[in-house]
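1. below: sequence and its predicted model.
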Amino acid sequence: MEDIQTRILVPCDFSASAHNALKLAQELAAGVSGEVVVLSVVEERDLVASIPETAAGHRKKFSQWVQDIHDKEVPLRFEVRFGNTLPTLLEWIRSEKASLVVMGTKGSRGWDGYFTGSITEKVVKTSPVPVLAVKGTVSGKRIRNIVFPYNLWNESPETLAKIKKMQAFFKARLHLLQIDTEGNKDAEALAEKLETRAREHAFTDYVVNIRKQDGEREGIIQFAREINADMIAMITHGNRDLAHVYKSSITADVVNHAHVPVWTCSY
């Protein structure tokens, strides 16, 4: 996010959720001299006119939709692509070298999903770049306390470097969190391990937290509410194979149920 060439993608379905995502994306881009690209994907089943006519209609709709929130200081462009939504988004991310995806989500169902999950869930699980899922109106300037569920054993230095870079961008405090779902572990010993690992990876401005909870998702969300967190950051062990997209993941569950934005990156 500190690269001057930062390119932020906002998938657009012209909903209020996408509106909120675009406002936040522009704010983030303004802080790094980046650009925002709004992408509308039209599936074959949604075509009601020819492709050129549909594209022209979407561009006109976008010009009206964006009028009240366009930050003239931030480079902004709109694109229309035709195809299956998820593969089209992923191909755009790779070919256009996006650095971040900011997506609106509507709640426990995410976007109006198809098959067994929402588009937001699927992008979270498969995106090669970080994804920031947004509910409601969010200001990046107010993100000061970030919950980071920290896996003591599996996080790579490369992935943790992304977490630290994100923390530095927001100038936020990290609340490192370990959820004990078994309920019989020594909380003090777990805290010592977490503290040791945090020092090994040179984390700064952080607090170590251990919580007992039957489920990880519930524990993460409850803790975020407890400390009045501004965002949750999670690492997803995403699978780029679209055949596995529909499998459930704790990260996707948190994205769908959390009351605050959720920033994710793949392992």
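-> Sure, I can see it. Keep in mind it's a predicted model, so treat the numbers as computed, not measured. Numbering: from 1, shown residues only.
2. just confirm Arg173 contacts Asn209, I think it does.
-> No - using C-beta atoms under 8 Å, Arg173 makes no contact with Asn209, being 11.7 Å away. In this view, the C-beta of every residue, glycine as well, is placed from N, C-alpha and C.
3. pLDDT weak spots in this structure?
-> Applying pLDDT under 70 to the chain picks out residues 1-5, 107-117, 152-154, 238-248.
4. need the helices for the stretch 1-150 of the chain, in chain order.
-> All helices of the stretch 1-150 of the chain, identified by DSSP state H, counting those that start in this stretch, fall at 16-30, 51-65, 85-95, 119-126.
5. and these, which is most packed in?
-> Looking across those with neighbours counted as mean count of other C-beta atoms under 10 Å, the highest average goes to helix 119-126: a mean of 26.
6. follow-up on the earlier one: so for Arg173 and Asn209, which residue has more residues nearby?
-> More neighbours surround Asn209 than the other of Arg173 and Asn209, with 20 against 16 (other C-beta atoms under 10 Å).
7. for that one, give me its contacts.
-> Residues near Asn209 by C-beta atoms under 8 Å, 6 or more residues apart in numbering: His175, Leu176, Leu177, Gln178, Phe223.
8. kindly report the same for Thr204.
-> Lys164.
9. name the SS class of it, please.
-> Secondary structure assignment for Thr204 (DSSP: H, G, I helix; E, B strand; the rest coil): coil.
10. rewinding a little: just give me the closest of the contacts of Asn209 to Pro87.
-> Leu177 (33.9 Å; C-beta to C-beta).
11. residue contacts, the closest one?
-> Leu177 touches Val147, Phe148, Pro149, Tyr150, Asn209, Ile210, Arg211, Gly219, Ile220, Phe223, counting by C-beta under 8 Å, 6+ apart.
12. now it: phi and psi?
-> phi -130, psi 130 (degrees, to the nearest 10).
13. dump the residue contacts of the residue lying closest to Asp214 once chain neighbours are set aside.
-> In space, not counting the residues next to it along the chain, Asp214 is nearest to Thr181; the distance is 6.3 Å by C-beta to C-beta, 6 or more residues apart in numbering. Neighbouring residues of Thr181 by C-beta under 8 Å, 6+ apart: Lys212, Gln213, Asp214, Gly215, Glu216, Gly219.
14. swap the cut-off to 10 Å and go again
-> Thr181 makes contacts with Arg211, Lys212, Gln213, Asp214, Gly215, Glu216, Glu218, Gly219, as judged by C-beta atoms under 10 Å, 6 or more residues apart in numbering.
15. please report how far the fifth one lies from Ile179.
-> Note on Gly215: its distance to Ile179, by C-beta to C-beta, to the nearest Å, is 8 Å.
16. how about the host helix or strand of Lys162: buried residues?
-> Using DSSP states H and E, Lys162 sits in helix 157-170. Judged by neighbour count (16 or more other C-beta atoms under 10 Å), helix 157-170 contains these buried residues: Thr159, Leu160, Lys162, Ile163, Met166, Gln167, Phe170.
17. try stretch 73-82
-> Val74, Leu76, Phe78, Glu79, Val80.
18. can you spell out which residues form a bridge with the third one?
-> In this entry, Phe78 is beta-bridged to Val38, by DSSP bridges.
19. quick one, what contacts it?
-> Phe78 touches 10, 12, 36-40, 58-59, 61-63, 65-66, counting by C-beta under 10 Å, 6+ apart.
20. cool, the second one as well?
-> In this structure, Leu76 makes contact with 8, 10, 22, 25-26, 29, 35-38, 62, 66, 69-70, judged by C-beta under 10 Å, 6+ apart.
21. next: the fourth one.
-> Taking C-beta under 10 Å, 6+ apart, we find Glu79 in contact with 9, 12, 37-41, 55, 58-59, 62, 92, 96.
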